[in-house]
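Q: Here's a sequence, model it:
(chains A, B, C and D)
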2 protein chains.
Amino acid sequence: MDKSPQVLFELVERLANLMRAEFRRVASDEQLQPVHIQALAYLARANRYSNTPQAMAEYLGLTKGTMSQSLLLLDRRGLVERYQDDLDRRVVRLRLSSAGEQFLSEAQPQLAWQHATRNISPNRIRNAVSALRETLTTFQDDNESRGFGACHGCRHFERLSARAYRCGLMGDRLSGPEARRICWLHVPKGTVLEEDEDEDEE
Amino acid sequence: MDKSPQVLFELVERLANLMRAEFRRVASDEQLQPVHIQALAYLARANRYSNTPQAMAEYLGLTKGTMSQSLLLLDRRGLVERYQDDLDRRVVRLRLSSAGEQFLSEAQPQLAWQHATRNISPNRIRNAVSALRETLTTFQDDNESRGFGACHGCRHFERLSARAYRCGLMGDRLSGPEARRICWLHVPKGTVLEEDEDEDEE
DNA sequence: CCGCAACAGTATCGACTCGAAACCATTTTT
DNA sequence: AAAAATGGTTTCGAGTCGATACTGTTGCGG
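A: Here you go, the predicted structure:
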């Protein structure tokens, strides 16, 4: 019997704890909590469909109520801006304010990490990435939680030409950079879509 | 320029978030917080020098005040027991109560993880482990945070005979199982990397 | 076109986290 | 013996977080 998976888990957990502590350190300069840093970082990487409180809450594993609170705070501090969606006026859209962007670029929360991996060969890192990526996919599958991936590798992703893409689900054209951001509608290729089917029971 | 370290970081963070959500789910059955699960799990793995509030606080990246609170709660719930140290009466020692052990073994918080890694070859896992372990060591070095490793690979670890060990720092004899637990006095030797055969996959 | 369910988000409450600082009881140092 | 250091506890205030109730918007079925 092999204990490696267990060990891997402990490593991931421990590293995450340390990064969390690092986040806390960085965040406390601005009187923020770790989760706020994560929220800002998410916003910096979310695509146009995913910059809502709802998507954010799902990404961070919180309820919408909690998310609302945190966003209130970030808004008060002027780190994010909230504005209404044109089409659906229930929806709130979020964006980093310039202060928010500046804060992120100054704080560089992942710098410590970058530094910690400096001695590891790119090859080994790529191997680790591939293993963890697979773990993540399986995990999300098991828990039927949302995919949250970039467009490349999404079932709805369509390539119109060399440099023009399109989301088959929403029907929008996507620029290259946009297609590299995080999307909460992401469905990995190879996943079977659940169509609405009529049920004739009872 | 290579973005792999960045990607690796995102994966670790995301996996940790998901596990955290899983912890929350498990914990909420008993009206606990994720951090309580981590505390119990730590206690189950800590050696005789490391079962104190202080060590725990450092491991989890909290202050002693906060730790004290959480332990109060875990004590009230009957999941841990606190008792005084014989030699130094300031020191509080902790141990899992039988209820605590039972809870851990029933909840099996890392089961979801185990399951998520089922499709990944042991070899790839070992590679990932080795890369992350190195990252962890470097990280701890950079931040001069405590090592928190098992005795094997510790500078103070001495092998008396085939099956008898000794901690050179504290001067105690250690059993084999004991030497496999987590110690907060851990100081890594020069460079102890169980290297694995290099190979590229993909 | 109306009515009602579904939905996105907000507000409120209570238990808990968390750091900071003050505090207490024991060593340890001087 | 006095002072400093150490391991823990207590207290305080701001914030997290889930649960629940609520507001306003959309969209669906009659």
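
Q: how far away is A:S50 from DNA strand C?
A: Going from A:S50 to DNA strand C by C-beta to the nearest atom of the strand, to the nearest Å gives 11 Å. For glycine as for every other residue, the C-beta is placed from the backbone atoms N, C-alpha and C.

Q: and that residue, how many neighbours?
A: Counted by other C-beta atoms under 10 Å in any protein chain shown, the residues lying close to A:S50 total 23.

Q: Just confirm it is within a helix.
A: No: under DSSP: H, G, I helix; E, B strand; the rest coil, A:S50 falls outside any helix and is assigned coil.

Q: With adjacent residues omitted, what lies nearest to it?
A: Closest residue in space to A:S50, ignoring its immediate chain neighbours: A:W184 at 4.5 Å, by C-beta to C-beta, 6 or more residues apart in numbering or on different chains.

Q: can I assume that neighbour is in contact with A:P53?
A: No: using C-beta atoms under 8 Å, A:W184 makes no contact with A:P53, being 11.6 Å away.

Q: give me every residue that touches the closest residue to chain B within chain A.
A: Nearest residue of chain A to chain B (C-beta to the nearest C-beta) works out as A:A16 at 3.2 Å. Taking C-beta atoms under 8 Å, 6 or more residues apart in numbering or on different chains as the contact definition, A:A16 lies against B:12-13, B:15-16, B:19-20.

Q: go with 10 Å
A: B:12-17, B:19-20 (C-beta atoms under 10 Å, 6 or more residues apart in numbering or on different chains).

Q: near DNA strand D at all, the longest helix seen in chain A?
A: Counting by DSSP state H, the longest helix found in chain A is helix A:4-28. No: using C-beta under 7 Å from any atom of the strand, helix A:4-28 never reaches DNA strand D; the gap is at least 9.5 Å.

Q: buried set for that helix?
A: A:4-5, A:7-24, A:26-27 (16 or more other C-beta atoms under 10 Å in any protein chain shown).

Q: In terms of secondary structure, what does the helix or strand following that helix contact?
A: Downstream of helix A:4-28, the first helix or strand assigned by DSSP states H and E is helix A:34-45. Secondary-structure packing of helix A:34-45 (3 or more C-beta pairs under 10 Å, 6 or more residues apart in numbering or on different chains; DSSP states H and E): helix A:4-28, helix A:53-60, helix A:64-76, strand A:80-84, strand A:92-96, helix A:98-107, helix B:4-28.

Q: Alongside DNA strand C, which residues does chain A contribute?
A: Residues of chain A lying near DNA strand C (C-beta under 7 Å from any atom of the strand): A:24, A:28, A:52-54, A:64-65, A:68-69, A:71-72, A:82, A:88, A:90-92.

Q: Mind giving me the PyMOL command for buried ones among these?
A: Here is the PyMOL command that picks out the buried ones among the residues of chain A next to DNA strand C, judged by 16+ other C-beta under 10 Å:
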select buried, chain A and resi 24+52+53+71+92
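
Q: Show me the two of the residues of chain A next to DNA strand C that sit farthest apart.
A: A:S28 and A:D88 (37.0 Å; C-beta to C-beta).

Q: Show me what residue of chain A gets nearest to DNA strand D.
A: With C-beta to the nearest atom of the strand, the shortest gap between chain A and DNA strand D falls at A:G65, namely 3.0 Å.

Q: can you redo the helices and strands packed on helix A:34-45 as a markdown table with distance to B:I37 and mean pLDDT?
A: Shown next, in a markdown table, are the helices and strands packed on helix A:34-45 (distance: least, C-beta to C-beta, whole Å; pLDDT from 0 to 100):
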| stretch | distance to B:I37 | mean pLDDT |
| --- | --- | --- |
| helix A:4-28 | 11 | 86 |
| helix A:53-60 | 18 | 93 |
| helix A:64-76 | 19 | 94 |
| strand A:80-84 | 31 | 94 |
| strand A:92-96 | 31 | 95 |
| helix A:98-107 | 29 | 90 |
| helix B:4-28 | 5 | 86 |
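
Q: what residues are up against the spatially closest residue to A:G61 that is not a sequence neighbour?
A: Excluding the flanking residues, the one nearest A:G61 by C-beta to C-beta, 6+ apart is B:A21, at 3.8 Å. The contact partners of B:A21, taken as C-beta under 10 Å, 6+ apart, are A:60-62, A:143, A:145, B:34, B:112.

Q: repeat for A:L62
A: Counted by C-beta under 10 Å, 6+ apart, A:L62 has contacts A:35, A:39, A:53, A:56, A:68-70, B:21, B:24.

Q: what does A:H186 give?
A: Counting by C-beta under 10 Å, 6+ apart, A:H186 touches A:47, A:49-50, A:140, A:146-151, A:153-157, A:169.

Q: Any of these buried? List them.
A: Using 16+ other C-beta under 10 Å, the buried ones in these are A:47, A:49-50, A:140, A:146-151, A:154-157, A:169.

Q: Looking at those residues, which has the smallest pLDDT value?
A: Note: of these, the lowest pLDDT belongs to A:R146, at 75.

Q: B:N143 versus that residue, what's the distance?
A: A:R146 sits 33 Å away from B:N143, going by C-beta to C-beta, to the nearest Å.

Q: Could you check how far A:L8 is from A:T117?
A: From A:L8 over to A:T117 the distance is 16 Å, taken as C-beta to C-beta.

Q: So which bits of the helix or strand containing A:T137 are buried?
A: Under the criterion of DSSP H and E, A:T137 resides in helix A:122-142. For helix A:122-142, burial by neighbour count (16+ other C-beta under 10 Å) applies to A:124-133, A:135-140.

Q: so which of those residues comes closest to B:Q102?
A: B:Q102 lies nearest to A:F139 out of those, by C-beta to C-beta, at 26.3 Å.

Q: The closest one against B:N119, yeah?
A: No: using C-beta atoms under 10 Å, A:F139 makes no contact with B:N119, being 11.0 Å away.

Q: what does chain A have sitting close to DNA strand D?
A: So chain A meets DNA strand D at A:31, A:33, A:35-36, A:61-63, A:65-66, A:69-70, A:73, A:87-90 (C-beta under 7 Å from any atom of the strand).
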